[in-house]
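Chemist: prediction below, plus the sequence it came from.
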Number of protein chains: 4
Amino acid sequence: MAGSTFGEAFRISTFGESHGEAVGVIVDGATPGVELDEAYIQVQMDRRKPGQSSVTTPRKEYDKVKIVSGIFQGKTTGTPLMIILYNHDMKPEAYQDIHEAFRPGHADFSYTQKYGIRDYRGSGRASGRETAGRVAGGAVARKLLERRGVQVLAYTSAIGGIACQTFDEAAIEANAVRACDPEAAEQMIQLVEELGRQGDSCGGIVECRIRGAAAGLGEPVFDKLDAELAKAMLSIGAVKGIEFGAGFEAASMRGSQHNDAMDGGGFRTNHAGGIVGGISTGQDIVFRVAVKPTSSISLPQQTINIHGEEQMISTIGRHDPCICPRIVPVIEAMACLVLEDQYKRQAAMLG
Amino acid sequence: MAGSTFGEAFRISTFGESHGEAVGVIVDGATPGVELDEAYIQVQMDRRKPGQSSVTTPRKEYDKVKIVSGIFQGKTTGTPLMIILYNHDMKPEAYQDIHEAFRPGHADFSYTQKYGIRDYRGSGRASGRETAGRVAGGAVARKLLERRGVQVLAYTSAIGGIACQTFDEAAIEANAVRACDPEAAEQMIQLVEELGRQGDSCGGIVECRIRGAAAGLGEPVFDKLDAELAKAMLSIGAVKGIEFGAGFEAASMRGSQHNDAMDGGGFRTNHAGGIVGGISTGQDIVFRVAVKPTSSISLPQQTINIHGEEQMISTIGRHDPCICPRIVPVIEAMACLVLEDQYKRQAAMLG
Amino acid sequence: MAGSTFGEAFRISTFGESHGEAVGVIVDGATPGVELDEAYIQVQMDRRKPGQSSVTTPRKEYDKVKIVSGIFQGKTTGTPLMIILYNHDMKPEAYQDIHEAFRPGHADFSYTQKYGIRDYRGSGRASGRETAGRVAGGAVARKLLERRGVQVLAYTSAIGGIACQTFDEAAIEANAVRACDPEAAEQMIQLVEELGRQGDSCGGIVECRIRGAAAGLGEPVFDKLDAELAKAMLSIGAVKGIEFGAGFEAASMRGSQHNDAMDGGGFRTNHAGGIVGGISTGQDIVFRVAVKPTSSISLPQQTINIHGEEQMISTIGRHDPCICPRIVPVIEAMACLVLEDQYKRQAAMLG
Amino acid sequence: MAGSTFGEAFRISTFGESHGEAVGVIVDGATPGVELDEAYIQVQMDRRKPGQSSVTTPRKEYDKVKIVSGIFQGKTTGTPLMIILYNHDMKPEAYQDIHEAFRPGHADFSYTQKYGIRDYRGSGRASGRETAGRVAGGAVARKLLERRGVQVLAYTSAIGGIACQTFDEAAIEANAVRACDPEAAEQMIQLVEELGRQGDSCGGIVECRIRGAAAGLGEPVFDKLDAELAKAMLSIGAVKGIEFGAGFEAASMRGSQHNDAMDGGGFRTNHAGGIVGGISTGQDIVFRVAVKPTSSISLPQQTINIHGEEQMISTIGRHDPCICPRIVPVIEAMACLVLEDQYKRQAAMLG
């Protein structure tokens, strides 16, 4: 019932804290006999790692992938993969003088309420660093999905109020914010850099599009595909909302507009986002997540400490003024985990 | 791995189809020794049942609660409660002539893709009628939460583009759409009635506010409180999105705006919606869900049938032009289930 | 975490008390499109029901199978089957005068310690009557296993110290104790009838043999096939032990004796009971369970009541002096549930 | 659905192969704020490690405990503990010339049937070495149980037909086979040494006694305390049976003998082994497991290889002629895991 495990038929369990010795993941349920190596996983880790560009934190982590178990002669064996990523650039001392204060927007207060004890070094387990294990586990899922012809693609669609106007897939990995519109990307980068200088931060929206997923995925009535994706995304610290297809706009639409008509060529529209009744239709699966502004800002903020005393606080440390570009591979990883899990659950149901 | 069970420490499993003999639920994990009777559950069933007003379907279901097990001498025993709700006003013949067609917006196509077989009588298991079992199970959770001083309240905040401007709690159950603004409610009712006459439908937004929940609920890193609530809500057929606190607006905010400062009196704001790092803070938990327009409309729509042949279809039957008023108790029920489950999980962690 | 659900990919949840209104089961995860009707399940219920012969309790339950959901046009739909068995011959008043006493060998004391409340009518949920739901659910699994060519067969191999000396499969269902040796069966029946007259009871051993199971079933390292079968069997109230293949005799054997050699014809022996490393080998799966003497006896016994006062007690009521013949179909049902679950888990792993 | 995770409220996931880089465990759900260090866990690892005496394998593993996460300032934080044990004395080349043969009694054949691929180096994941992670995880559970006043004690009660005649608790850790009778221990050691010289092996029986466990543990109807213990024990590779209290002897007893009478002083006997109706009674919990002879023997045996060709095989390598002394701490570890899990589940139910 503790919550560090995700998935049923394809399952990951993550471990590790921001400024502990390592973070990592156990992946259980991988199809045996599939070629997999550290280099394949490293590609995804490199997309998530800090220090990639001017808009990300200068913390230096190599996130070098080490597969400890589950691979034999270059192939998965069906037994658990353990993947470990050692921490290098830890500066726990940076947190020493704020270890009794509750940083606004951080989980300091809620963790203390829950556990009565808190690893204050860089948010401990509540740090975004925990997602490194997810990306490693998601890479294994991605490998299995490749064999099924499924492609999972996420990208920034808005940052700080600046929205993408075009969809240029080739541009996504070519700009520092992973936006799908290169012109909007320029403005976003300027904004993020400016906010970084000010000691402030901003939020954004990341869209995810899954192509090639089979129809029939999702387990009614509670483990629907959209329900599982929603859980997966909201389990990422900075995510505050999700919508599928037309999403919140559907609230203002008529049924005659929102219903996706079919003809001999298939569905004419995709207001549903590729999921109806919680089951994939074979169309692209499309959803968007709301990403909150990074909590760590150096502007002074009002707070209290564990003794209930009021104080001002400036979060020193090394942080991303906008987390969108680095959350993109995490969103993809979680989507991969859900998809592979649902494929395997479908196989069990029919099997 | 089949998906008809929800929750870990407090768990429900639902069964039943729209035009089968009955729908219902098994509730497992209820605290023993708690007074509970059918009348208490009936109150919630009556809020969800069809035929309540001019804006809901004329299908007549009594949804009379029958507790079959788990109660002895008026109290829970800690063993499974089985609650059954017999169907009465079934008209499976109404679906006979469209049983080969895929109704747009319905799960007809995706269910057929998944299972290869489909109970076409009123959508079978994909019907909103399945949620009757959830409301019954949620009522048990609500009873347990009452003892903890937790109150779960949902209400319509927008329908078809008409948004509530005020929050009048007393008005909610006094108007047919369960809106929190009685003036907006009037306009909403007119719109829904008009759409009903036209054979069309519309969507809306339902907000949920949970008061009195303890700080410390939620199980990082995957079973966070918001992640579980998101899954719960997206598991409801008509829901297409969810956002917590500032939600999608956070995407346009600065960290200095979004972070909730604290002082001696506690949090000054609640942009986080009462959940930080996936754990409750003790503030009100606030989220909104996007509800799509009812799929069943009598306006003619383009579709295909199971043979791939194109045809026009009008969904005859008895349907709600807007599902918001009847989804309100379902959203409350799911929220109750998540909360009670998390309370018990917290007890396990500390216990 | 409450424990009324069994299985992962093929899952049952039971409900109901001995002298409540009904007992039953939800079956989730059945393969869709499989022909199934009440008559098929009834066959198994009739093997378990009371009143079959002179050696079983005279309580009269028809155990008439009612499938409430999950079947459409004679076939499974992939959605939950709910099967209910109404109780008829309840005599809760028979328990009124002992409702404060803890009957020796019964769960009266431990249930009271656990829940603080206890449905004392015929042991409530702790009654063997709860297994009716298991047999119904197991019949669904049996149906699915038939398609795989798997046969699950249990039979009494010893009662009260009288052991079968031969294996005559045809004799099993032809004698009242379901023993595999018709001569031993005669002695067993005499013993059980005599004990019934004395107001005493006795235990026995039931052996189970599974034929036709594929090699490769079982999920290392914790959900091994033998581990899951052991859990399934020990979850039956009267079972106090299990052994596979050579079982406890293996403790006295040499490795050179116990190891099952292989040659071109396959395994030469089956000391392992068809499971090695927790995975099926394709040989017959063979295990034996120890069944304790029925707790309910009318001989006077020393006990205490809920106030701690000493008293003598005679369990009036209608009971089986030996539960072996009626536990046989329960053991088969549980074995079917484990097997079908493991087949589906294997499909997920490879899928 | 893959099976490398055990427990619900207190949960472990193990990883690693015999001749891979490391074995280990993630422990999720530990109560926060509990003092725990590597030295405490090391004590249990040292009891399990190879090379302890003349009757265990000469393979040299230090099994030095490394806690990678979940501890802060010497206390548990409530977040996952990852504990890793690096392998040192690997000799994968020892398995090169038998990598195509199926060793009798080993999981070589069944693993190949299941996964289609097999890490043949020292049985890979099917090796007893996997239990190192269990012992590390079990040590965490043991620490938590200490606070509850629960003591878990296992010991050898028979080896190769030689049975203990006395119970001398102080003698257990003082003899190389961990037997509870020092005189029998002498004979056992001679037998095991002799079998080692012969290249053969033998089995035995290990008894486990749990003292101080509260009444009320166990979750009817499927997750009963004895059912969970049975699963836990049968999940250990070499275990072929389990019995509680009177166990298989109960099959020959009368109800009037087996029922445990109560008086003002509590239970007069403990034929039930401390568990009735699947729930602990507060008495000692007592069970015995059958341990098969070590599969690895150097005597020549008949087998086939992956091509179906017959061949003789002698298992070269470093093995224990009898696994009982080293399985004792594994049995204790699994029992600790079950107990702590059930305590937490009980807390959830009441909480």
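Modeler: Arrived safely, thanks for sending. Numbering: from 1, shown residues only, chains lettered A, B, ... in the order given.

Chemist: so what pLDDT did the residue of chain A positioned farthest from its centre get?
Modeler: Most distant from the centre of chain A: residue A:264, at 36.8 Å, with distances by C-alpha atoms, centre = their mean. With respect to pLDDT, residue A:264 scores 94.

Chemist: mind checking how far the closest residue to it other than its chain neighbours is from residue A:260?
Modeler: Leaving out its chain neighbours, the residue that sits closest to residue A:264 by C-beta to C-beta, 6 or more residues apart in numbering or on different chains is residue B:310, at 5.6 Å. For the C-beta atoms, the positions are set from N, CA and C on the backbone; glycine is no exception. Distance, residue B:310 to residue A:260, using C-beta to C-beta, to the nearest Å: 15 Å.

Chemist: those two: which is more packed in?
Modeler: A count of neighbours by other C-beta atoms under 10 Å in any protein chain shown puts residue A:260 above the other of residue B:310 and residue A:260, at 24 against 13.

Chemist: low pLDDT regions in the stretch 201-350 of chain A?
Modeler: The stretch 201-350 of chain A contains residues with pLDDT under 70 at A:316-318.

Chemist: so whichever residue of it sits closest to chain C: helix, strand or coil?
Modeler: Scanning the stretch 201-350 of chain A for the residue nearest chain C gives residue A:347, at 2.4 Å (criterion: C-beta to the nearest C-beta). With DSSP: H, G, I helix; E, B strand; the rest coil as the basis, residue A:347 sits in helix.

Chemist: my guess is it contacts residue C:346, does it?
Modeler: No. The criterion here is C-beta atoms under 8 Å, and residue A:347 misses it with residue C:346 at 9.5 Å.

Chemist: ok, back up a step: wait, isn't the residue nearest to residue A:264 in contact with residue B:101?
Modeler: No. Applying C-beta under 8 Å, one finds residue B:310 not in contact with residue B:101, separated by 10.1 Å.

Chemist: which neighbours do those two have in common?
Modeler: Taking C-beta atoms under 8 Å, 6 or more residues apart in numbering or on different chains as the criterion, residue B:310 and residue B:101 both touch B:303-304.

Chemist: show me what the residue nearest to residue A:264 is bridged to.
Modeler: Taking DSSP bridges as the rule, residue B:310 bridges to residue B:304.

Chemist: next up, the contacts around it.
Modeler: For residue B:310, the contact set (C-beta under 8 Å, 6+ apart) comprises A:263-264, B:302-304.

Chemist: list only those of these flagged as buried.
Modeler: Buried by 16 or more other C-beta atoms under 10 Å in any protein chain shown: B:303-304, out of these.

Chemist: closest to residue B:105 among the contacts of residue B:310?
Modeler: residue B:303 (9.8 Å; C-beta to C-beta).

Chemist: apart from its neighbours in sequence, what residue is nearest whichever residue of the stretch 1-150 of chain A sits closest to chain C?
Modeler: Of all residues in the stretch 1-150 of chain A, residue A:9 sits closest to chain C, at 4.1 Å by C-beta to the nearest C-beta. Once flanking residues are discounted, residue A:9 sits nearest to residue A:344: 3.5 Å by C-beta to C-beta, 6+ apart.

Chemist: and the one you found, which of the three is it?
Modeler: Assigned by three-state DSSP, the conformation of residue A:344 is helix.

Chemist: gap between it and residue D:294?
Modeler: Computed as C-beta to C-beta, the residue A:344 to residue D:294 distance reads 35 Å.

Chemist: and for residue A:223?
Modeler: Relative to residue D:294, residue A:223 is positioned 43 Å away (C-beta to C-beta).

Chemist: just checking, residue A:157 touches residue A:185?
Modeler: No. Taking contacts as C-beta under 8 Å, residue A:157 lies outside contact range of residue A:185: 10.9 Å.

Chemist: residues that sit against both of those two, list them.
Modeler: A:164, A:179.

Chemist: and the stretch 51-200 of chain A, which of its residues are near chain B?
Modeler: The interface of the stretch 51-200 of chain A toward chain B, taken as C-beta under 8 Å from any C-beta of the partner chain, is made up of A:102, A:104-107, A:109-111, A:113-115, A:125-126, A:130, A:158-161, A:195, A:200.

Chemist: switch the cut-off to 7 Å
Modeler: Contacts of the stretch 51-200 of chain A with chain B, taken as C-beta under 7 Å from any C-beta of the partner chain, map to A:102, A:104-105, A:107, A:109-111, A:113-114, A:125-126, A:130, A:158, A:160-161, A:200.

Chemist: show me which of those neighbour chain D.
Modeler: Under the cut-off given by C-beta under 7 Å from any C-beta, chain D has residue A:125 from those close to it.

Chemist: rewinding a little: residues in contact with the residue of the stretch 201-350 of chain A closest to chain C?
Modeler: Residues in contact with residue A:347 (C-beta atoms under 7 Å, 6 or more residues apart in numbering or on different chains) are C:347-348, C:351.

Chemist: between those residues, which is nearest residue D:165?
Modeler: After measuring the contacts of residue A:347 against residue D:165 - C-beta to C-beta - the closest member comes out as residue C:348, at 49.5 Å.

Chemist: and the gap between the closest one and residue D:222?
Modeler: In terms of C-beta to C-beta, residue C:348 sits 21 Å off from residue D:222.

Chemist: out of the two, which sits in the busier spot?
Modeler: Shown here are residue C:348 and residue D:222; by other C-beta under 10 Å, residue C:348 has more neighbours (28 against 25).

Chemist: from chain A, how far out is the more buried one?
Modeler: Taking C-beta to the nearest C-beta, to the nearest Å as the measure, residue C:348 and chain A are separated by 4 Å.

Chemist: isn't that residue up against residue C:9?
Modeler: Yes. The criterion here is C-beta atoms under 7 Å, and residue C:348 meets it with residue C:9 at 6.2 Å.

Chemist: between those two, which contacts overlap?
Modeler: Counting by C-beta under 7 Å, 6+ apart, the shared contacts of residue C:348 and residue C:9 are A:348, D:1.

Chemist: ok, and the closest non-adjacent residue to residue A:282?
Modeler: Spatial nearest neighbour of residue A:282, excluding adjacent residues (C-beta to C-beta, 6+ apart): residue A:215 at 3.6 Å.

Chemist: same question but for residue A:12, I mixed them up
Modeler: Residue A:12's closest residue in space is residue A:137 (C-beta to C-beta, 6+ apart), at 3.7 Å.

Chemist: what's the helix or strand for the one you found?
Modeler: Taking DSSP states H and E as the criterion, residue A:137 maps to helix A:131-148.

Chemist: which helices and strands does that helix pack with?
Modeler: strand A:11-16, strand A:22-28, helix A:38-48, strand A:81-86, helix A:324-350 (3 or more C-beta pairs under 7 Å, 6 or more residues apart in numbering or on different chains; DSSP states H and E).
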